[in-house]
Each structure stands twice: as structure tokens, then as C-alpha cells.
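Q: Compute the structure for the input listed below.
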Amino acid sequence: MKVRLATLVAAGALLVGLGPAGAERAEAAPNPFFGVMAQMPMTEADFDRMAKGRLGTYRMPIDWGTVDQQEPANMNWEWVDRVVGLTAERGITVLPNFHDTPEWIAPDRRRVPIWNGEVIGRWQAFLRQAVTRYGSNGTFWLDHPDIPRRPIRFWQIWNEPNIRYWAWPVSPARYTKLLRISARTIRNVDPTAKIVLAGLYSRPPDGTGISAGRYLHRLYRQPGFRNSFDVAAIHPYANNTNRSVRRTFPIRRVMNRHRQRGKQIMVTELGWGSDANSSFGQGSLDGQARQLYSAYRQYLILRHRLRLKSVVWFSWEDLPPGSKSCSFCMETGLFDIFGDPKPAWGRLLDLTHAN
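A: Predicted coordinates:
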């Protein structure tokens, strides 16, 4: 459900100097259970505000083509460096999410890069550079001794492959092949790295994909799947909290059935809008805030039962009018288009400062 605007962070480096983040609450260490992702470039002030709000996980979508621009020996990691540095300075954990095949490789971004050796090799080079740069022994940390060392440990491979908007064709076999290749490549560079499954869209509309639980069960039937990931991920979108939380349970049940009770789950996208016109819009600012508070409360209660590692809110800030995006995505922010906090932000702080 996440839109491609999330990768605009690459198009222009992070904007800075937009004023102080404010002092909503007293500072304390960010809690990685609470996460967020953005649809527009995050500023330095945004990351200040995130850290002061005690949100400890930043899910960073990385569109392959924004880094790899047909020059394999000269990939451009400049904008990623900026995000990694700013988050490390604030004690925030980064979860990179790699997705989308560049148009110069295939005309359809949804086509997972597994169809020949050349394409596979290019994908592997992309991953290898990322882990070599930001992983446990990453060159980024050696080159920037002034930045607190926070190597990236978790790497998420693709986005919502069980729905046709992000993978075509929708195929457990194809995604498993991509996952196996990716896991082997990443672990060869950093044996301590953890592989996160693509966030599965919980219940795709009829004819658009396969439900998350069924898709995960089919993945387990594929050779080599069970050892190619460390953490599962779910996007339990629904029109209210109770349905959303219920849509997380099939993932846990399937994992338990396949004797992987010890593996954790991340909710790598969760959100409701304050608009009144979209499928997940709540019709008001207060309605959005109520859903956020209720969802996080329930997930905190269930975190041990579900073995839940983190819950990432979609998204940080509303999109300006006229943005090219899904209708749901326009008003899911914790902040409005002027950067002012919405009631949802205050309710989230009530939770982050109590846990």
C-alpha cells in the first residue's frame, strides 16, 4: 500500500534547517518497538522530533533505481548516507526496504529480478554494496568515526509481493527465489545480518492477490524458504483496529504450524487516514488518533503472544494536494502538510512515553 513517493528521499537530499523540532516531551532513548516511515523527504528537524518522541525504528524504502543508475561501479548512496548518519546520531534504528526493478532493466518495476544471470548479478551487486557500506563492518562507519556506530542489522526484501501492485505475476515461487538469492548475498557479506520478509498485504481485494496467511503457507512449500528469512512482516490494513489486529494472527499461526515459533514478526506498515473519502479514512483527526491509540495498545498487549518486534506507522506527514498517490495515502500522516502535529501524534506520544 505504500506509495512510490516514499522514495523521493533519493530525488533530493534531505531538507534541513526548517526550524527546531520542538520539545513535546522530555528526551529519552527511542524505543524500536515504535516505528514510522515517510512518503516525503525527512528533514533533520523531523528526525529530531522522531527521537524526542521516542520512536526508535525508521523504515527506509530504497527504490533500487534511485541508487543503481546503470553504473555498477559507481552506485550513488549519497542520500542513504544522509539518512543513516542522521538516524545514528539520534539513536534510531534503520530498517532498509529494497524494492522495484529499475526501468532501464525492465519496463515493469514489479517484475522481481530473477529471470537471468545478468539481472540477478546486478541485484546482488546492489545488495552487496549496501551491506558492505552499512552492515556490521561497514565502510560508512569507518569513514565517519564522528557518527555513533549503529550498523544496520535487519534488511527487508521487496514489498507486498502477494499483491499485483507490487509484484507481477504474484508468485510464491518467484519471490522465494529472490529471497534465497538475497539472503545468501547479504549473509555472505555480514553473517550477523537478519533477513526480513517483504511486508505481506493482509487481505488484497478480490482478484488482486493472495491473502497474507495463504501466501505465507505457499512460501513454506518452496524449497529453501524457511531458512532464508529471520523475521516475517505483515501490513494488516483494515477499516478498524480490531480487524487490523485479527489480520496479524494468520501469520503467527502459519509460522507456528511450520515449527518456527521462535521467529519474530514486524508490522512494517499500519495506518489510517484523517480523511473521509478513502477506504481507511476515519473522517476526522480525532478518529484517526483513536485508531492509532487503540491499535498500538492492542499490539503492546499482544506483543509476546505474537512475538512482535516492531510496529511501523504509515506515515510521518500528510501529502500536499495534487500529489500522485493512492487516495488513502494522502492524510495518513502524524503531521499535516504544514508540519503541525495532528492529534494522532499526541496519542502516540502517550504510548511511547509510557513504554
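Q: from the chain's centre, how far out does stretch 333-341 sit?
A: Computed by CA atoms, centre = their mean, to the nearest Å, the chain-centroid distance of stretch 333-341 equals 20 Å.
Q: Give me the buried positions along it.
A: Using 16 or more other CB atoms under 10 Å as the test for burial, stretch 333-341 gives 333-336, 339, 341. Backbone N, C-alpha and C define where each C-beta goes, glycine included.
Q: pLDDT (mean, whole number) over that stretch?
A: Averaging pLDDT along stretch 333-341 gives 98.
Q: got it, and stretch 212-221?
A: 98.
Q: Give me the residues contacting it.
A: Stretch 212-221 has contacts (CB atoms under 8 Å, 6 or more residues apart in numbering) with 161-162, 172, 175-176, 200-203, 209-210, 225-226, 232, 234-235, 247, 250-251, 253-255, 257-258.
Q: In ChimeraX, select just the buried ones from the residues you listed.
A: Burial among the contacts of stretch 212-221 is assessed by 16+ other CB under 10 Å; the matching ChimeraX selection reads:
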select :161,162,172,175,176,200,201,202,203,209,210,225,232,234,235,247,250,251,254,255,258
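Q: In strands only, show me the contacts of stretch 212-221.
A: Among the contacts of stretch 212-221, the members falling in strands (DSSP state E) are 200-201, 232, 234-235.
Q: closest to residue 166 among the buried residues of stretch 333-341?
A: Nearest to residue 166 out of the buried residues of stretch 333-341 is residue 333 (CB to CB; 21.6 Å).
Q: Please identify the helix or strand for the closest one.
A: Element membership for residue 333, per DSSP states H and E: none, as it lies in no helix or strand.
Q: where's it relative to residue 274, distance?
A: According to CB to CB, to the nearest Å, residue 333 and residue 274 sit 8 Å apart.
Q: Could you do residue 45 as well?
A: To residue 274, residue 45 is 22 Å away according to CB to CB.
Q: Who has more neighbours out of those two?
A: More crowded of residue 45 and residue 274, by other CB atoms under 10 Å: residue 274, with 23 against 17.
Q: Would you map the strands across the stretch 51-200 of the chain?
A: For the stretch 51-200 of the chain, the strands defined by DSSP state E, counting those that start in this stretch occupy 55-63, 93-99, 154-157, 194-196, 200-201.
Q: which one of the ones you listed has the most crowded surroundings?
A: Burial of these is given as mean neighbour count (mean count of other CB atoms under 10 Å); strand 200-201 ranks first at a mean of 30.
Q: centre of the chain versus that strand, how much separation?
A: 12 Å.
Q: Which elements pack onto it?
A: helix 212-220, strand 231-235 (3 or more CB pairs under 8 Å, 6 or more residues apart in numbering; DSSP states H and E).
Q: Of the ones you listed, which stretch is the most buried?
A: strand 231-235 (a mean of 26).
Q: Can you spell out which helices and strands pack onto it?
A: When contacts are defined as 3+ CB pairs under 8 Å, 6+ apart, strand 231-235 packs onto strand 194-196, strand 200-201, helix 212-220, helix 249-257, strand 264-270.
Q: For my notes, confirm residue 33 occurs in a strand.
A: Yes. According to DSSP: H, G, I helix; E, B strand; the rest coil, residue 33 belongs to a strand.
Q: What is the neighbour count of the residue nearest to it when sequence neighbours are not counted?
A: Nearest-residue entry for residue 33: residue 310, 5.3 Å, with adjacent residues in sequence omitted and distances by CB to CB, 6 or more residues apart in numbering. Residue 310 has 24 neighbouring residues, counting by other CB under 10 Å.
Q: Who is residue 310 paired with across the strands?
A: Beta-bridge partners recorded for residue 310 (DSSP bridges): residue 266.
Q: ok, which stretches of the chain are helices?
A: With helices called from DSSP state H, the chain shows them at 44-52, 64-67, 78-89, 117-134, 139-143, 172-189, 212-220, 241-246, 249-257, 285-306, 343-352.
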